[in-house]
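[1] What follows is a predicted protein model with its sequence.
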Amino acid sequence: METATIDPRRDPTRGAEPAVWALVGQTPLIPLESETPKRASGTLFLKAEWMNPGGSVKDRPAREILRAGLAEGFLPTRRLLDASSGNTAVAYAMLGAAAGLGVTVCVPRNASVERFQLLKLYGAEVIESDPLEGSDGAIRLARQLAEASPDRYWYANQYDHPANPESHYRTTGPEIWNDTSGSITHLVAGVGTSGTLMGTGRFLKEMKADIRLIAVEPSEPFHGLEGLKHMATALVPGIYDPSRIDRTIFVETESAEDKVRALAKDQGLFVGWSVGAAVIAAERIIDEAGTGAPGTRPVVVVIAPDGGTRYLSETRRLVPD
Ligand code: PMP
């Protein structure tokens, strides 16, 4: 086994967490202006997860998983290892850097350039997986590494780790409940690991059983919605429980891109591709509800996992020269 030199910041008995860990969560809820009079029949909010210190929703599960690894003694003697489509990798790298923890991440080679640059800046070890295999290729690579070097790596496995949904049960769910004063009727979230929808949804259903949980998936196995999984053809995460979901809405990459462009231009909100997909799904729900009396209108909260700046190098897809 590799003998690790213990950085004083890595001592889990030391108590206090790095200051940046405390900045995770408490993100704002932004009301989205309606584009059509019909849509005024419902209220749509974006949960602005790009405001987290690492720039995405994945700071929440990453912090909870790192805490579990420290509490259970897997860290700091081994390196945290995980597969990620990018945002979890950046979250681990940022939080790990602050705590002096070693982080190794397997990321598909076609993840955005911004993600790779951030990972380098935070000092993470990055292992690129076959872009044609998507996030599943990264998972398979992480499994192989963990099996080959069990003394070097602790394979955290965000797709199966209960701390992933738990982080949302403990933070995202209560924040949304409080910030809507309990008026939320629908939660809309794209599913990758499904941790956001599972954990936030479980909390909200406990508060009010008739809140509808809406999953958003890409309409095809090969898609450009970074962070989302086409469950029917993908490695299904252990934490994913479809019986908890009320409805799944499938969205095409091109429609999501159109929505991202419109949100930037019309509302000054430059969001990631998966947000575009989730907003399309949310608008469908509001449109289907039609016009009803106040009090019967849907109040839809859309999880907005990241911002568009994380994809700036790819914006040529959105804004032709
Ligand atoms: N959108 C983006 C941009 C993401 O990075 C992720 C995380 N993979 C998701 C949506 C889905 O979140 P979750 O893993 O909690 O299902």
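    Cool, got the structure.

[2] Please make it C-alpha for all contacts and neighbour counts, starting now.
    Noted.

[3] Near the ligand, which residues of the chain are found?
    87, 190-196, 226-228, 274, 305-306 (C-alpha under 6 Å from any ligand atom).

[4] Helices - which of these land there?
    Per DSSP state H, helices hold the following members of those: 87, 195-196, 274.

[5] Among these, which one has the most neighbours?
    When neighbours are counted by other C-alpha atoms under 10 Å, Ser274 leads these with 30 neighbours.

[6] wait, doesn't it sit right on Gly190?
    Yes: Ser274 sits in contact with Gly190 when judged by C-alpha atoms under 8 Å, with a separation of 6.6 Å.

[7] Give the residues shared as contacts by the two.
    Common neighbours of Ser274 and Gly190 are listed as Leu228 (criterion: C-alpha atoms under 8 Å, 6 or more residues apart in numbering).

[8] got the contact list for stretch 132-141?
    Under C-alpha under 8 Å, 6+ apart, the answer for stretch 132-141 is 82-85, 106-108, 128-131, 234-235.

[9] Return the set of buried residues in that stretch.
    Neighbour-count burial for stretch 132-141 flags 134-139, 141 (criterion: 16 or more other C-alpha atoms under 10 Å).

[10] mind putting these in TSV, pLDDT and secondary structure included?
    Compiled in TSV, the buried residues of stretch 132-141 are given as follows (pLDDT from 0 to 100; DSSP: H, G, I helix; E, B strand; the rest coil):
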residue	pLDDT	secondary structure
Gly134	85	helix
Ser135	85	helix
Asp136	90	helix
Gly137	94	helix
Ala138	95	helix
Ile139	95	helix
Leu141	97	helix
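
[11] Which member of those residues is positioned nearest Glu254?
    Closest approach between those and Glu254, by C-alpha to C-alpha: Gly134, at 18.5 Å.

[12] Kindly provide the distance from that closest one to the ligand.
    From Gly134 across to the ligand, the span is 12 Å (C-alpha to the nearest ligand atom, to the nearest Å).

[13] Also Val188?
    Val188 is 11 Å from the ligand, by C-alpha to the nearest ligand atom.

[14] What strand or helix carries that residue?
    Assessed by DSSP states H and E, Val188 sits inside strand 186-190.

[15] what does that strand contact?
    196-197, 201, 211-217, 228, 274-275, 277-278, 281-282, 298-304.
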